[in-house]
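*Asks:* please find the sequence and the predicted model below.
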Amino acid sequence: MNNLPQSVINEITADQKNEKDASIIYGKIAQRTKNEDNRKVLQKIADDEKKHYGILKKYSGVDVKPRRFKIFIFILFARLFGLTFTFKLLENAEEEAHTGYKKIEDYLPELRGMIEEEERHERELIGMLNEKRLDYIGSIVLGLNDALVELTGALAGYTFAIQDSRNIAMLGLITGISASLSMGASEYLSKKQEKEDRAFSSSLYTGIAYIITVSLLIAPFLFLPNPFVNLGITIGIAVLIIFFFNYYISVAKELSFRKRFFEMAAISVGVAIISFLIGWVVRTFLGFEL
């Protein structure tokens with residue numbers, strides 16, 4: 001083992017860090033998981049990761065320290081974004097790390113078995129998870145997308161027509177709250193018509209997604225005086241919301257990120273540009289000022 005090339009030793013120690021971090025992450029989440037079956041699977045994966053660390057240590061001859069910041073981030077993600085997103089993100093990171101295994105698989109006969117064991121347990125875990133927040137993705141998308149398109153467009157139109165940040169914020173808030181109630185009610189009636197048991201919950205998720213999005217888009221107009229600067233910031237916020245939400249969906253539901261992101265961003269920005277032009281027409285040719 002001491003005769004291994006230094007490049008192989010370096011790769012092994014890098015893989016050791018991943019195994020140790022994953023063992024701690026799975027173990028800590030297992031401690032906080034209420035479902036007994038989920039907790040057992042999580043603890044089994046944590047034990048396997050620890051075993052794999054021991055195998056790698058046998059070849060490298062060194063002990064590595066866990067990366068506390070990485071562990072903290074993944075534990076935080078599990079609390080904020082749910083287990084499915086966190087584990088698939090961790091799984092994606094491990095798959096990237098596994099590409100380095102090809103460089104050292106000739107030196108470690110146990111390596112193939114380690115990879116197969118990890119993949120099998122992770123598939124079992126992902127297959128058994130059933131998170132409520134993922135059941136309502138359609139409702140969240142409805143509220144989020146409608147708020148982005150409708151309110152971004154409205155704020156763009158108000159900006160040129162009114163050109164006063166406080167009044168734009170007031171009108172945007174009234175428009176946003178009214179629209180969120182309307183969207184929530186429409187979602188409830190739609191789900192009720194389809195005889196779904198979760199009609200109220202679906203409408204609640206739609207309304208909440210709408211209100212949160214409205215609050216973020218209006219915020220710049222409440223704190224800065226220049227309405228055109230605020231509009232630019234608002235469009236930037238809209239693009240960031242689209243980016244992070246689509247990243248979450250692409251990881252949690254294993255969907256294409258690029259296509260969904262550019263499609264939503266193009267629609268929101270396109271509507272904003274059209275509405276801005278409408279505001280210019282209203283102010284210029286109809287003489288509307290506030």
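*Replies:* Nice, thanks for sending it over. Numbering: from 1, shown residues only.

*Asks:* secondary structure element holding the residue positioned nearest the centre of the chain?
*Replies:* Taking CA atoms, centre = their mean, the centroid of the chain lies closest to Y248, which sits 2.5 Å from it. Per DSSP states H and E: Y248 is located in helix 227-252.

*Asks:* buried sites along that helix?
*Replies:* Residues 227, 230-231, 233-235, 237-239, 241-242, 245-246, 248-252 are the ones in helix 227-252 that count as buried (16 or more other CB atoms under 10 Å). For every residue, glycine as well, the C-beta is placed using N, CA and C.

*Asks:* touching, the residue nearest to the centre of the chain and F85? I think so.
*Replies:* Yes. If you go by CB atoms under 8 Å, Y248 and F85 touch, sitting 6.0 Å apart.

*Asks:* Y188 reaches S201, doesn't it?
*Replies:* No. Contact criterion CB under 8 Å: Y188 and S201 do not qualify, at 9.6 Å.

*Asks:* helix or strand for I115, which one?
*Replies:* helix 111-128.

*Asks:* near S256, how many other residues are there?
*Replies:* 11 (other CB atoms under 10 Å).

*Asks:* what are the phi and psi values at I73?
*Replies:* phi -60, psi -50 (degrees, to the nearest 10).

*Asks:* same check, this time on L224
*Replies:* phi -120, psi 150.

*Asks:* now it: closest residue in space that isn't a chain neighbour?
*Replies:* N230 (5.3 Å; CB to CB, 6 or more residues apart in numbering).

*Asks:* now name the helix or strand holding the closest residue to L231 other than its chain neighbours.
*Replies:* In this structure, L231 finds its nearest non-sequential neighbour in T159, 4.6 Å apart by CB to CB, 6+ apart. Per DSSP H and E, T159 falls inside helix 137-162.

*Asks:* try E49
*Replies:* Here E49 is assigned to helix 36-60, by DSSP H and E.

*Asks:* which strands or helices does that helix pack on?
*Replies:* Here helix 36-60 touches helix 6-32, helix 111-128, going by 3 or more CB pairs under 8 Å, 6 or more residues apart in numbering; DSSP states H and E.

*Asks:* what are the buried residues along the first one?
*Replies:* This means helix 6-32. Neighbour-count burial for helix 6-32 flags 8-9, 11-13, 15-30 (criterion: 16+ other CB under 10 Å).

*Asks:* next, E105: secondary structure please.
*Replies:* Here E105 is coil, with the state taken from DSSP: H, G, I helix; E, B strand; the rest coil.

*Asks:* who touches it in this structure?
*Replies:* 111-112 (CB atoms under 8 Å, 6 or more residues apart in numbering).

*Asks:* how much space separates it from R32?
*Replies:* Taking CB to CB, to the nearest Å as the criterion, E105 is separated from R32 by 35 Å.

*Asks:* domains in the chain, by residue range?
*Replies:* With domains defined by automatic domain parsing, the chain comprises 6-130, 133-285.

*Asks:* flag the shaky bits of the chain, pLDDT-wise.
*Replies:* 1-2, 93-103, 121-143, 187, 191-198, 252-254, 279-280, 282-290 (pLDDT under 70).

*Asks:* mind doing that once more with 50?
*Replies:* Flagging of the chain using pLDDT under 50 yields the residue ranges 1.

*Asks:* if I look at P225, how far off is I168?
*Replies:* The spacing between P225 and I168, counted by CB to CB, is 11 Å.

*Asks:* same question for P227.
*Replies:* If you go by CB to CB, the gap between P227 and I168 works out to 6 Å.

*Asks:* got any residues that touch both of these two?
*Replies:* Shared contacts of P227 and I168 (CB under 8 Å, 6+ apart): 159, 162, 221.

*Asks:* wait, isn't the second one in contact with F228?
*Replies:* This means I162. No. Between I162 and F228 there is no contact under CB under 8 Å: 11.6 Å.

*Asks:* now stretch 206-220: buried residues?
*Replies:* 206-214, 216-218, 220.

*Asks:* the residues you listed into a markdown table, with extra columns for distance to A272 and secondary structure?
*Replies:* Output for the buried residues of stretch 206-220, formatted as a markdown table (distance: CB to CB, whole Å; DSSP: H, G, I helix; E, B strand; the rest coil):
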| residue | distance to A272 | secondary structure |
| --- | --- | --- |
| T206 | 22 | helix |
| G207 | 23 | helix |
| I208 | 23 | helix |
| A209 | 19 | helix |
| Y210 | 17 | helix |
| I211 | 20 | helix |
| I212 | 19 | helix |
| T213 | 14 | helix |
| V214 | 15 | helix |
| L216 | 15 | helix |
| L217 | 10 | helix |
| I218 | 14 | helix |
| P220 | 14 | helix |
